[in-house]
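>>> need the 3D shape of this:
(2 chains)
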Amino acid sequence: MPTSAWVMAIAIGIVLYSGLGICIRIAIKKSREQEGEK
Amino acid sequence: MAHRDRWASRQAFIMAAVGSAIGLGNLWRFPMVAYANGGGAFLIPYIVALLTAGIPLMILEYSLGSLFQKSSPGSLHAARPGFEMIGWWALGIGSTISFYYAVVMGWSWDYLACSFGRLPWCNDAQAFFDNLLGLTSGPGELGHISWPALLGLAATWALIYWIIKAGVLRVGKVVMITVPLPAFLLVLILIRGLTLPGAAEGLAYYLTPDFGALTNAKTWLQAYAQVFFSLSLGFGILTAYASYLPKRSDIANNAFITSFADAGFAFFAGFAVFSVLGYLAQSQGVPIDSVVRGGPGLAFVIYPTAMSLMPLAPLVSIMFFVTLLTLGIDSAFSIVEGAVAGLRDKWKVSQQRAALYFSIFGFLVGIIFTTGAGLFWLDIVDRWMNDYGLVVIGLMECIAIGWFYGTGKLKKYINEVSDFRIGIWWDIFIKWVTPLALGWAIVMSIIDDFKQPYGDYPGWALALGGWGVVAAIIIVAAIVTSVRPFRASEED
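Now for the predicted structure:
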């Protein structure tokens, strides 16, 4: 595969999967906080 | 005051929403659209479209369901009584899509059975058209009903009914299997694909960026269209699902999680698809362009051909069609649940009865798509439902909420309950960017249809299966809206 294809794959992968990971992490953190308040 | 079903947990809701968004299109549409519109470079307009139209509209649909605790028509009615018809219109479009979506899933059942039994039409590209569909010469020649397709259709509706009849608690349990399973199987298919000769060439076709495509308006239009179709927007599903969340549940973060999961799956599916296409092209000694095909042609013609050439062909074939079925089933029952929720809210029928009537009706209507002309009608109806159905609904939702109900009121509620706050950007996207993008898509579709009739079908077929179906849905939506208005005393 050409280098440009690798770069695109890695860049897009980082954006999509890190975006998903950050959002899930926030959801878990907030859920724990809410459980703690109860 | 009627009791409303509730998701067992936030995780169950997110999985159901992700399952609804991730469907057959993620596997057979996204990789092809990306390939045809700049390869890896297409991912740039795709992410822009996701952030500027997909996520804002998903936040809007979730917030309506969460705030008003009703299905799409009920929530829109609660926002302003005049908006109710938009909700019924959306459910009509979604229902119509479910009628033929179930037929496509029926083909998957047939191919799954074929993978076990090694029936003769399994590995022959032309067999899909000749033996399974009994394809005729055009939409005017119905031919005969395909019994395998009819049996597959019956199996699909029986499964949808069984899942939906017990409400969202059962949906929540089913999606714990049907969402992770296809992802896991796709990983196995990808590993198989990557170990085949020619895979790297296939992936190079998928990912090599052509940045020149970014200057083409069509690329951006395709990106917005793909995001919109993929996220289950405009069906009324997301509003119905969110209405089963306890009030004051998160909205904004759930929308981001659903959207990123959907996009991530589509991106990943492209690797599984193109690695196998690369292998097929090399095996047959032809350029990759000649084996690239989207839609049912990929799933039921190209992929089976490629799998038949592989070592461990039956195993890969079983994995592939289980992937298709599990990808499709949660999208299919989510559409039905959206419609059933609307019927329940308005007519107070039981979940089981509404699911039964809908499933029987869906099966009967679907029979038309199991005839020899079924594929032609499916293609026509699908084009109109997508380009003139869902997109129009999305546009009307943006105008109704953005310009008449007011984004401010909804945003205040969203920010009170969400894991993180949304800013002025959401108002701008809902009032300006998303409607302009969707309006532009509608205008471009109309121009295309004037230039060249879709698919070279005869005018009467396009009038009947395209505009005729759209008009019928609008008329039914108007009648349903007017026959028995929602009453304040009926609100949960």
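
>>> switch to C-alpha atoms for all contacts and neighbour counts from now on
Fine.

>>> ok and the residue in chain A nearest chain B?
Of chain A, the residue with the smallest distance to chain B, taken as Cα to the nearest Cα, is residue A:5 at 4.2 Å.

>>> after the lowest-mean-pLDDT helix or strand in chain B, next one along is what?
The helix or strand of chain B with the poorest confidence is helix B:127; it has a mean of 78 (mean pLDDT, DSSP states H and E). Counting by DSSP states H and E, the element after helix B:127 in chain order, helix or strand, is helix B:147-164.

>>> just how off-centre is that following helix within its chain?
18 Å (Cα atoms, centre = their mean, to the nearest Å).

>>> kindly export that helix (C-alpha atoms) in PDB.
Once non-C-alpha atoms are left out, helix B:147-164 reads as follows in PDB (Å, rounded to 0.1, in the frame of the first residue of the first chain):
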ATOM      1  CA  TRP B 147     -40.200 -19.700  -2.400                       C
ATOM      2  CA  PRO B 148     -36.800 -19.600  -0.800                       C
ATOM      3  CA  ALA B 149     -37.100 -15.700  -0.600                       C
ATOM      4  CA  LEU B 150     -40.600 -16.000   0.800                       C
ATOM      5  CA  LEU B 151     -39.500 -18.500   3.500                       C
ATOM      6  CA  GLY B 152     -36.600 -16.200   4.400                       C
ATOM      7  CA  LEU B 153     -39.000 -13.300   4.600                       C
ATOM      8  CA  ALA B 154     -41.300 -15.300   6.900                       C
ATOM      9  CA  ALA B 155     -38.400 -16.200   9.100                       C
ATOM     10  CA  THR B 156     -37.300 -12.600   9.300                       C
ATOM     11  CA  TRP B 157     -40.700 -11.300  10.300                       C
ATOM     12  CA  ALA B 158     -41.200 -14.100  12.800                       C
ATOM     13  CA  LEU B 159     -37.900 -13.100  14.500                       C
ATOM     14  CA  ILE B 160     -38.800  -9.400  14.400                       C
ATOM     15  CA  TYR B 161     -42.200 -10.200  16.000                       C
ATOM     16  CA  TRP B 162     -40.600 -12.400  18.700                       C
ATOM     17  CA  ILE B 163     -38.100  -9.600  19.600                       C
ATOM     18  CA  ILE B 164     -40.500  -6.700  19.500                       C
END
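
>>> which residues of the stretch 151-300 of chain B lie near chain A?
Contacts of the stretch 151-300 of chain B with chain A, taken as Cα under 8 Å from any Cα of the partner chain, map to B:200-201, B:203-204, B:207-209, B:253, B:256-257, B:260-261, B:263-264.

>>> reformat these as CSV; add distance to residue B:142 and secondary structure.
Listed next are these as CSV, based on distance: Cα to Cα, whole Å; DSSP: H, G, I helix; E, B strand; the rest coil:
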residue, distance to residue B:142, secondary structure
B:200, 43, helix
B:201, 41, helix
B:203, 40, helix
B:204, 42, helix
B:207, 41, helix
B:208, 43, coil
B:209, 43, coil
B:253, 48, helix
B:256, 44, helix
B:257, 44, helix
B:260, 42, helix
B:261, 40, helix
B:263, 38, helix
B:264, 40, helix
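
>>> could you work out the most separated pair of these?
Checking these against each other with Cα to Cα, the farthest-apart pair comes out as B:201 and B:253, at 37.7 Å.

>>> so for those two, which sits in the more crowded spot?
Counted by other Cα atoms under 10 Å in any protein chain shown, residue B:201 and residue B:253 do not tie: residue B:253 has more neighbours, with 22 against 19.

>>> how about the more buried one, what does it touch?
By Cα atoms under 8 Å, 6 or more residues apart in numbering or on different chains, residue B:253 lies in contact with A:23, A:27, B:418, B:419, B:420.

>>> cool, residue B:189 as well?
B:272, B:316, B:319, B:320.

>>> please repeat the previous calculation with a cut-off of 10 Å.
With contact taken as Cα atoms under 10 Å, 6 or more residues apart in numbering or on different chains, residue B:189 is in contact with B:183, B:269, B:271-273, B:275-276, B:315-317, B:319-320, B:323.

>>> in a helix, it, correct?
Yes - inclusion of residue B:189 in a helix is indicated when DSSP: H, G, I helix; E, B strand; the rest coil is applied.

>>> that one and residue B:230, how far apart?
According to Cα to Cα, to the nearest Å, residue B:189 stands 22 Å off from residue B:230.

>>> which ones are touching whichever residue of the stretch 51-200 of chain B sits closest to chain A?
Proximity to chain A, evaluated over the stretch 51-200 of chain B using Cα to the nearest Cα, is greatest for residue B:200 at 6.1 Å. The contact partners of residue B:200, by Cα under 10 Å, 6+ apart, come to A:1, A:2, B:193, B:194, B:206, B:271, B:274, B:275, B:276, B:278, B:279.

>>> quick one: residue B:196 and residue B:272, what's the gap?
Using Cα to Cα, one obtains 11 Å as the distance from residue B:196 to residue B:272.

>>> what is in contact with these two at once?
Shared contacts of residue B:196 and residue B:272, defined by Cα under 10 Å, 6+ apart, comprise residue B:190.

>>> for residue B:104, what are its contacts?
Listed by Cα under 10 Å, 6+ apart, the contact set of residue B:104 reads B:24, B:98, B:110, B:149, B:152-153, B:156, B:296, B:299-300, B:324-325, B:328, B:369-370, B:375, B:378.

>>> please apply the same query to residue B:406.
Contacts were defined as Cα under 10 Å, 6+ apart; by that measure residue B:406 touches B:79, B:398, B:399, B:400, B:427, B:431.

>>> what pLDDT does it get?
For residue B:406, the pLDDT comes out at 93.
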